[in-house]
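In: model this:
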Amino acid sequence: MKWLATAHGRHGANVADLKQRFLALGTGPGKVQQRGTFYTDCHHQNWDEMEIHGKTMDERMRFFDKACSKVVEQFYEKSAMPDDLIHVSCTGYVAPSPVQRLVSNKGAETTVTHAYHMGCYAAVPALRMGQGFLAAGKNQVDVVHTELCTLHMGTHRHTVDQLIVETLFGDGLIKYSLGAEEKGFEILKLSEEVIPNTLEHMTWNLESWGMGMTLAIDIPLALGRGVKRFVRKLYGEDLSKAYFAIHPGGPKIIEQIARILKLEDWQVEHSKQVLQSCGNMSSATLPHIWSSMLEDIQPGSEVVSLAFGPGLTIVGAVLRCC
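Out: Numbering: from 1, shown residues only. Modelled structure (predicted):
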């Protein structure tokens, strides 16, 4: 937080004021306690030696390619290549992509599908794509998320939107498989809707320096107005025995939905834990919540998953632990 305030100060902001605003936005019960980042610039204040801070979009994308290509290679050091590989990201785009580079280096016959720029809700469309590939006769479909959210620190912008982004988001990379697994989830139902009259509530656009987000103050209210009907249509009336994987767009989102749906603390504890320990990792967040749940919940337990993004788009998945 101190580094961020100082970095903003180099662009004309009042450092003391920024420190207080960052503390108010980013600390407190239920908020992010720690998060991962590839953004090593925040470990020093040698401003002439920064790798990403103050750089252009082009330089940030080269960093994304290098960092993600290394992690993707590590994912498959001891794993067989799948029939299909779905690459999900909204924080970096290069062509060829890190997963195309992987397939080329291994000489694999894997088909690559890019699922880009959907934002935080992209894990559910990725499941839908994977279901289609399996229905077409494929044996294994892998999904790889590479989200370097902290790559887009824009310390020249002092808006509330930007400060929220810089206190909330963390980097997240994860791989999982769709197919025959000894332990995992069965997909029971998927759903997706665009909420009417909310197009400008959330935007995520490419700019010369990086990617910039805008957030309307009433997003929790807008989601709240539609989520009860959406969940009833997705799962039914009785929610009392289901776990909930709620994409933590922020503490208010989880709290608002839990209150509207009258959920108990145990039903949303995994969502809160991932937010506190990892931050909002965009599309990689739901898969991290699912992974956490697999360690705890009993076979036969059902999970209602919810995520949100530009549109405003709301997606849902009903999963059963196997």
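In: buried residues of the longest helix belonging to the chain, list them for me.
Out: Scanning the chain for the helix with the most residues, using DSSP state H, yields helix 57-75. For helix 57-75, a neighbour-count test (16 or more other CB atoms under 10 Å) marks 60-61, 63-65, 67-69, 71-72, 75 as buried. For glycine as for every other residue, the C-beta is placed from the backbone atoms N, C-alpha and C.
In: tell me the one among the residues you listed nearest to Leu148.
Out: Closest approach to Leu148 among those (CB to CB): Phe64, at 5.5 Å.
In: give me the three-state assignment for the residue lying closest to that closest one once chain neighbours are set aside.
Out: Of all residues not flanking Phe64 in the chain, Gly92 sits nearest, at 3.3 Å (CB to CB, 6 or more residues apart in numbering). Following DSSP: H, G, I helix; E, B strand; the rest coil, the label given to Gly92 is coil.
In: what about Gly92, distance to Gln33?
Out: 26 Å (CB to CB, to the nearest Å).
In: so which of the two has more stuff around it?
Out: Higher neighbour count among Gly92 and Gln33: Gly92, with 23 against 13, using other CB atoms under 10 Å.
In: pretty sure that one is in contact with Lys66, am I right?
Out: No - applying CB atoms under 8 Å as the test, Gly92 and Lys66 come out as separate, 10.4 Å apart.
In: where do the helices sit along the stretch 101-250 of the chain?
Out: Using DSSP state H, counting those that start in this stretch, the helices of the stretch 101-250 of the chain run over residues 123-135, 160-168, 219-235.
In: what's the distance between the most centrally placed residue in the chain and Cys90?
Out: For the chain, Ser282 is the residue whose C-alpha lies nearest the centre (CA atoms, centre = their mean; 1.8 Å). Remark: distance between Ser282 and Cys90 (CB to CB) = 6 Å.
In: find residues that contact each of those two.
Out: Residues within reach of Ser282 and of Cys90 at once, by CB atoms under 8 Å, 6 or more residues apart in numbering, are 119-120, 122, 147.
In: quick one: which of the residues you listed sit in strands?
Out: Glu147 (DSSP state E).
In: quick check, nearest of the shared contacts of Ser282 and Cys90 to Asn46?
Out: After measuring those against Asn46 - CB to CB - the closest member comes out as Glu147, at 27.3 Å.
In: wait, doesn't the closest one sit right on Leu286?
Out: No - Glu147 lies out of contact with Leu286 (CB under 8 Å); the separation is 11.4 Å.
In: returning to what we had before: max pairwise distance over the buried residues of helix 57-75: which two?
Out: Maximum pairwise distance in the buried residues of helix 57-75, criterion CB to CB, is 22.2 Å, between Arg60 and Phe75.
In: for the helix or strand bottoming out on mean pLDDT in the chain, name the packing helices and strands.
Out: Lowest on mean pLDDT, DSSP states H and E among the helices and strands of the chain sits helix 15-26, with a mean of 77. Counting contacts by 3 or more CB pairs under 8 Å, 6 or more residues apart in numbering; DSSP states H and E, helix 15-26 is packed against helix 2-9, helix 160-168.
In: who touches it?
Out: 1-2, 4-6, 8-9, 32, 158, 163-164, 166-168.
In: where is pLDDT lowest across these?
Out: The lowest pLDDT within the contacts of helix 15-26 belongs to Met1, which sits at 71.
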